[in-house]
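Trainee: got a predicted model here, sequence first, then my questions.
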Amino acid sequence: MMFLTRKIIFSAAHVCRNPDWSDDQNRYVYGHCAVGTGHGHDYICEATVKGSINSSTGVVVNLVEVKQLLRTVITPLDMTHLNDNGDLFQGQEPTTERLTRALWHRLVPMLTQCELARLNIYESRTRSIEYIGDDTMIYVTRRVEFNAAHRLHSQVLSDEENARIFGKCNNPNGHGHNYELEVTVCGTLDKRTGMVIDMGLLDGLIQREVVDRYDHKNLNMDLEEFREVNPTSEEFARVIWNRLSPHFTQPTLYKIRLIETSNNSFEYYGEQEL
């Protein structure tokens with residue numbers, strides 16, 4: 001089975017606000033999306049299709065055709081206010097979760113030479129939705145940044161072994177990173193809100209359990225969890241998972257991705273077998 005991804009970008013405005021709720025409740029559920037009469041996004045839509053390679057053409061599907069189908073679905077939304085699209089949202093708040101699901105169901109009947117595997121909508125650099133056709137498995141990813149220092153040094157290895165394995169990262173004075181963390185949760189769309197998880201809840205957990213604890217800290221010297229644990233990014237990712245996971249039942253914590261540098265990133269799914 002081969003997977004192919006095609007990307008298309010469109011610009012649209014929306015506001016998500018339940019008129020029966022207070023301003024505080026709307027902001028807790030929808031975050032900044034509840035403010036004002038509308039704001040805009042340069043949405044990125046990535047459609048991933050799957051299929052077998054045709055022995056005659058050497059391709060699964062002509063990507064030009066996929067591009068044209070995407071344009072057929074996306075172009076009517078470009079440079080519009082999504083709240084005005086009653087056909088797409090049927091009077092409901094135009095959350096990105098609902099947008100992703102609606103676009104999926106419009107695309108699926110059009111694809112005859114291949115099958116839609118997943119649809120990702122990036123609302124911004126810090127928030128994205130992935131839909132795979134199952135309303136019980138909608139993936140929401142939130143990204144944050146924080147800064148921390150560490151020194152890679154294992155207490156069970158000799159100084160020579162540490163220097164050989166970790167190189168410059170074993171510098172006794174340590175070094176720092178602008179870490180980026182992506183937290184992905186998986187769950188069911190709440191019909192009342194159109195969200196998988198309230199923005200205020202997810203943002204609050206990440207802020208309290210991760211950013212407040214690790215931002216501008218020296219992992220080796222300031223944090224009890226690394227007194228005897230070498231603060232590699234692998235161990236750091238696992239520590240972050242263990243801090244976050246007890247707070248999630250529905251939706252569940254699906255994945256965290258810790259980006260150490262532009263060259264190195266680490267994904268952790270807990271101890272489950274994938």
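Mentor: Received, thanks. Numbers count the residues shown, from 1 in each chain.
Trainee: ok, Glu224 - how many residues close by?
Mentor: A count of neighbours around Glu224, defined by other C-beta atoms under 10 Å, yields 7. C-beta coordinates here come from the backbone N, C-alpha and C atoms, glycine included.
Trainee: repeat that for Asn171.
Mentor: Asn171 sits with 13 neighbouring residues when counted by other C-beta under 10 Å.
Trainee: look at it and report its pLDDT.
Mentor: Per-residue confidence for Asn171 comes out at a pLDDT of 93.
Trainee: ok, and the closest non-adjacent residue to it?
Mentor: With C-beta to C-beta, 6 or more residues apart in numbering as the criterion, Asn171 has its nearest non-adjacent residue at 6.5 Å, and that residue is Arg151.
Trainee: so that neighbour touches Pro172, yeah?
Mentor: Yes - Arg151 lies in contact with Pro172 (C-beta atoms under 8 Å); the separation is 6.9 Å.
Trainee: against Ser262, how distant is the residue nearest to Asn171?
Mentor: Between Arg151 and Ser262 the distance, using C-beta to C-beta, to the nearest Å, works out to 21 Å.
Trainee: among these two, which residue is more densely surrounded?
Mentor: Arg151 (20 against 8).
Trainee: which residues does the more buried one contact?
Mentor: When contacts are counted by C-beta atoms under 8 Å, 6 or more residues apart in numbering, Arg151 is found next to Cys169, Asn170, Asn171, Pro172, Asn173, Gly174, His175, Asn220, Pro231.
Trainee: can you say which of those are buried?
Mentor: Asn170, Gly174, Asn220, Pro231 (16 or more other C-beta atoms under 10 Å).
Trainee: just to revisit the earlier point, of all the contacts of Arg151, which comes closest to Trp104?
Mentor: Using C-beta to C-beta, Pro231 comes nearest to Trp104 of the contacts of Arg151, at 40.3 Å.
Trainee: give the contact list for the closest one.
Mentor: Residues counted as contacts of Pro231 (C-beta under 8 Å, 6+ apart) are His150, Arg151, Leu152, Leu219, Asn220, Leu223.
Trainee: about what we covered before: what touches both of Arg151 and Pro172?
Mentor: Taking C-beta under 8 Å, 6+ apart as the contact definition, Arg151 and Pro172 share no neighbouring residue.
Trainee: share the number of residues neighbouring Asp203, please.
Mentor: 19.
Trainee: lovely, talk soon.
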